[in-house]
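Asker: Got a predicted model here, sequence first, then my questions.
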Amino acid sequence: MKLSNFGFNLPQELLAEYPSEYRDEARLMVLHRDTQTIEHKLFKDLINYFDEGDVMMLNNTKVFPARMYGNKEKTGARIEVFLLRELNAENRLWDVLVDPARKIRIGNKLFFGDDDTLVAEVIDNTTSRGRTLRFLFDGSYEEFRKKLLELGETPLPKYIKRTVEPEDEERYQTIFAKHEGAVAAPTAGLHFSKHLMKRLEIKGVDFAEITLHVGLGTFNPVEVEDLSKHKMDSEQIIIPEESAKIVNNAIDHKKKVCAVGTTVMRSIESSVSADKHLNPYEGWTNKFIFPPYDFSIANCMITNFHTPKSTLLMMTAAFAGHDFIMRAYKEAIKEKYKFYSYGDAMLIL
C-alpha cells in the first residue's frame with residue numbers, strides 16, 4: 001500500500017465545526033466486514049450490536065488546555081505556544097510548538113498573561129516548529145501548573161476556524177476522561193453519553209479502560225509514498241492489569257472486544273502476548289498500523305471519519321479492508337456525514 005491509495009476529495013462543508021447537540025445522536029455508519037454491507041444509524045443504536053460479556057475498550061486520557069499565547073520580549077510579537085509534553089518537572093522544561101516559528105530563536109524570552117508573571121526562555125530547537133522552553137515562575141510546582149491551566153485554552157484542531165468557546169472545554173473531553181496528558185481528544189469516545197453508557201452497562205457490556213496520551217504525532221502528515229518509511233512520534237500508554245484481565249476473559253469466551261478509537265487500537269496492538277492476549281504495559285509506543293496488518297486483540301472498532309492520507313485512515317483501512325473503507329468514505333461524502341473531531345462515527349464489525 002502506498003500513500004496515494006488513501007487520497008480522496010473532502011468537501012469543506014463536511015468538516016464539523018460543532019458536535020451534535022446530544023453526544024449520542026451523532027450519525028453512525030455501520031460496516032459489516034463479513035457481508036461487505038453498510039447501514040446508516042444513530043450512535044445510540046450502537047447498543048443493538050453488543051451483548052452481555054462483550055467489552056468496550058475506552059481511552060481515559062484527559063485533554064489539557066495546551067494552547068497558550070505569549071508576547072516576545074522587545075518586539076511584543078504575539079506568539080502561539082502549543083504545549084506538547086513536560087520533559088522535566090523540577091526544571092519546568094517543556095517540548096512545545098511555536099507559531100510563527102521563524103521569529104523564535106534560542107535565547108528569546110516569551111511573556112504570558114496580562115501581568116507577565118509567567119516567562120519562558122527558549123533553550124533548544126527540536127524541529128522546524130519545535131522548541132524546548134524553560135518556564136520561569138516564582139511559586140511552587142502546583143502553582144505553576146495552575147498558572148498553565150489558567151493561561152491555556154482548549155486545543156481545538158486547526159481546521160476548526162471559529163474561535164474557542166467556553167463550552168468547548170467540556171465538549172472536547174470524553175465523559176470518562178480521568179488522566180490529564182493529551183493535547184487532542186480521543187475523538188471516537190466523544191460520542192458516548194452517560195445515558196448510553198448506563199444502558200450498555202445494564203445490558204451486561206463490560207468496560208476496560210486504558211490510557212494513551214494523544215500527542216501531535218497522531219496528526220503529523222505522511223510525506224513518503226512508501227508507508228514503511230513513515231515514522232510515528234512516540235506517545236505514552238498505560239494498560240492496567242485489570243483491563244487486560246477483562247479483555248483476555250472476553251477473548252477466551254469468544255466475545256466482542258471493541259476498540260473505541262484508533263488510540264485504543266494502537267495501544268493494545270503495542271502489547272500483545274505470543275498467544276494473542278493483551279499484556280499489561282506502561283511505557284511508550286510509536287506503532288504505525290497500515291494495510292496489510294493482522295490484528296490480535298479487538299474484533300470490532302469505533303472510529304471517526306478521518307483526513308485523506310492520514311495515519312488514522314490507514315489504520316481503519318487495515319482493519320476494515322482498503323477497498324471497503326474507501327467505498328464507505330465515498331458513501332459518507334454522498335450522504336453528508338460530518339468529518340473529524342466533532343463529526344460522526346463509524347462502527348466496524
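Answerer: Cool, got the structure. Numbers count the residues shown, from 1 in each chain.
Asker: Test my guess that residue 214 contacts residue 61.
Answerer: Yes: look at residue 214 against residue 61 with Cβ atoms under 8 Å: they come within range, at 6.2 Å. Yep, even glycine has a C-beta here, placed from its N, CA and C like the rest.
Asker: shared neighbours of these two, anything?
Answerer: Jointly contacting residue 214 and residue 61 under the rule Cβ atoms under 8 Å, 6 or more residues apart in numbering are 182, 186, 263.
Asker: Residue 33 versus the last one, what's the distance?
Answerer: Residue 263 sits 21 Å away from residue 33, going by Cβ to Cβ, to the nearest Å.
Asker: who has more neighbours, these two?
Answerer: residue 263 (30 against 14; other Cβ atoms under 10 Å).
Asker: Which residue ranges of the stretch 201-349 of the chain form helices?
Answerer: 241-252, 262-269, 311-320, 322-334 (DSSP state H, counting those that start in this stretch).
Asker: Could you export those as a markdown table, including mean pLDDT and distance to residue 54?
Answerer: As requested, the helices of the stretch 201-349 of the chain are arranged in a markdown table below (pLDDT from 0 to 100; distance: least, Cβ to Cβ, whole Å):
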| stretch | mean pLDDT | distance to residue 54 |
| --- | --- | --- |
| helix 241-252 | 98 | 7 |
| helix 262-269 | 97 | 15 |
| helix 311-320 | 97 | 17 |
| helix 322-334 | 98 | 22 |
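Asker: Grab the CA positions of stretch 131-139 and hand them over as PDB.
Answerer: The C-alpha coordinates for stretch 131-139 follow below in PDB (Å, rounded to 0.1, in the frame of the first residue of the first chain):
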ATOM      1  CA  ARG A 131      11.300  24.300  20.700                       C
ATOM      2  CA  THR A 132      12.300  23.400  24.200                       C
ATOM      3  CA  LEU A 133      11.200  26.100  26.700                       C
ATOM      4  CA  ARG A 134      12.300  26.600  30.300                       C
ATOM      5  CA  PHE A 135       9.500  28.300  32.300                       C
ATOM      6  CA  LEU A 136      10.500  30.900  34.900                       C
ATOM      7  CA  PHE A 137       7.900  31.300  37.600                       C
ATOM      8  CA  ASP A 138       8.000  32.400  41.300                       C
ATOM      9  CA  GLY A 139       6.000  29.800  43.100                       C
END
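Asker: so where is the stretch 51-200 of the chain shaky, pLDDT-wise?
Answerer: Residues of the stretch 51-200 of the chain meeting the criterion pLDDT under 70: none.
Asker: buried set for the lengthiest strand in the chain?
Answerer: Longest among the strand segments of the chain by residue count, using DSSP state E, is strand 78-88. Within strand 78-88, the residues scored as buried using 16 or more other Cβ atoms under 10 Å are 79, 81-85.
Asker: by contact count, what packs against it?
Answerer: If you count contacts as 3 or more Cβ pairs under 8 Å, 6 or more residues apart in numbering; DSSP states H and E, strand 78-88 packs onto strand 67-72, strand 93-99, strand 130-136.
Asker: next one: phi and psi at the nearest residue to residue 41 once chain neighbours are set aside?
Answerer: Spatial nearest neighbour of residue 41, excluding adjacent residues (Cβ to Cβ, 6 or more residues apart in numbering): residue 28 at 4.5 Å. Per-residue torsions, residue 28: phi -130, psi 120 (degrees, to the nearest 10).
Asker: What segments of the stretch 151-300 of the chain are strands?
Answerer: 179-182, 206-212, 235-239, 257-260, 281-285, 300-304 (DSSP state E, counting those that start in this stretch).
Asker: Which of the three states applies to residue 142?
Answerer: helix (DSSP: H, G, I helix; E, B strand; the rest coil).
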